[in-house]
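K.L.:
The following block contains a protein sequence and its predicted model.
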Amino acid sequence: MTAGESALRDVAVKVAEEAAELVRNAREAMVAGQRMPVETKSSDTDVVTAVDRASEDLIRRRLAELRPGEAVLGEEGGGAEGSGGEGEGDGVTWVVDPIDGTVNFLYGSPVFAVSVAAQVAGRSVAGAVVEPASGRVWTAVRGQGAWLDGRPLRVSAPARLEVTLLSTGFSYLSERRARQARVIEGLLSRVRDVRRGGSGALDLCAVGAGWTDAYFEHGLNRWDWAAGALVAAEAGAVVSLPGDDPGLGTDATFAAAPSIAAPLRDLLAAHGAKDV
C-alpha cells in the first residue's frame, strides 16, 4: 500500500466515522421522540431527511479541511466541486453517501451506512463504509485488499448456482420495480434464496465478506457503489459497474463470487436484465 493510498483510506475512515456518529445520535434522538423533517426526491418512496443533509455537510466540511481543493460528489449536495468550485478533473474526487439506506434509517432498521470513497478517473482507489448502528468499519484500497474492522476479507465459493445466496434491490419507481421483480422471479428456482437489505453499499460489502454469494441491482448511483464495490472487488468478487456490461443493462451493478459469476450473469441476461 503506498503512502498516498493509505492516506486516502485513513481520511475516508475518519470522516465516515464522524458522520456515522452524527447519524447514530440523530437516530437515538428520533427513538426518544424528536421529530425530523422528511422530504421526497424521485418518488413518494424516495426520501431524504435532515440528517442526510447534516451528515453530508459534515463530510464536505471535514474533507475541505483534510484534503483542501479536492472535488466532492455527494448524494444530497451534488458535485463534483472542490473548495474552489472547480470540476473533478484528473485528481482525486471524493464520492459520498451520507446515509445509504435512508428508508431503513427512517423506519428504525439498523441496515444503513455512511459511504466515503476516493476516486481517480472515475474509479475507486480507497474507501470506507461505516455502519452507525453496529460500528462496523469496512475498508478497501485498490490492489491491496479489503477489511472488516481490520480483518482481511475473502469472498465465498459456492459450488453451483443452486446453492448461491443472491441479494438485490429495487427501484423507487413502481413501474421499474415491477420489471425488476420479473427478472428476480426467473431466478428464484435457480438459486438458494434471495435477500433484499435496502443498502447497496452494505450489500456489496456483504459479498466481500462472504455473507452472500452475489449481488445485482439496476439504478445505483455512483455514491451508492463507490466504496462498497471496491470492498467486494478487493475481496475477490467479480464486479461490473454501471456501463461495464450492456448485456445486463446500462445501469446495472453486479458483484459475485468467481465460482458462479459467469453462469449467474448469463442467467440474468437470459431473463431480460438488460431490458429493465
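P.N.:
Cool, got the structure. Numbering: from 1, shown residues only.
K.L.:
Roughly how far does the spatially most central residue of the chain sit from residue 185?
P.N.:
A centroid search over the chain (C-alpha atoms, centre = their mean) returns residue 201, at 2.2 Å, as the residue closest to the centre. Distance of residue 201 to residue 185, computed by C-beta to C-beta, to the nearest Å: 26 Å. C-betas here are computed from N, CA, C, even on glycine.
K.L.:
The residue nearest to the centre of the chain contacts residue 98, doesn't it?
P.N.:
No: counting by C-beta atoms under 8 Å, residue 201 stays clear of residue 98, with 11.4 Å between them.
K.L.:
how does the protein divide into domains?
P.N.:
Using automatic domain parsing, the domain parsing of the chain gives 3-152, 161-275.
K.L.:
Switch the ones you listed over to CSV; also include mean pLDDT.
P.N.:
Supplementary listing: the domains of the chain in CSV, determined by pLDDT from 0 to 100:
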stretch, mean pLDDT
domain 3-152, 86
domain 161-275, 97
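K.L.:
got a list of contacts for the host helix or strand of residue 263?
P.N.:
Using DSSP states H and E, residue 263 sits in helix 258-270. For helix 258-270, contacts defined as C-beta atoms under 8 Å, 6 or more residues apart in numbering pick out 155, 157-161, 164, 166, 183, 186-187, 190-191, 213-214, 216, 236-238, 245, 247-248, 254, 256.
K.L.:
Now with 10 Å, please.
P.N.:
Helix 258-270 is touched from outside by 155-164, 166, 183-184, 186-187, 190-191, 213-214, 216, 236-240, 245, 247-249, 252, 254-257, 273-274, 276, with contacts defined as C-beta atoms under 10 Å, 6 or more residues apart in numbering.
K.L.:
Weed out the non-buried ones from the residues you listed.
P.N.:
155-156, 158, 161, 164, 166, 183-184, 187, 191, 213-214, 216, 236-240, 245, 248-249, 252, 254-257, 273-274, 276 (16 or more other C-beta atoms under 10 Å).
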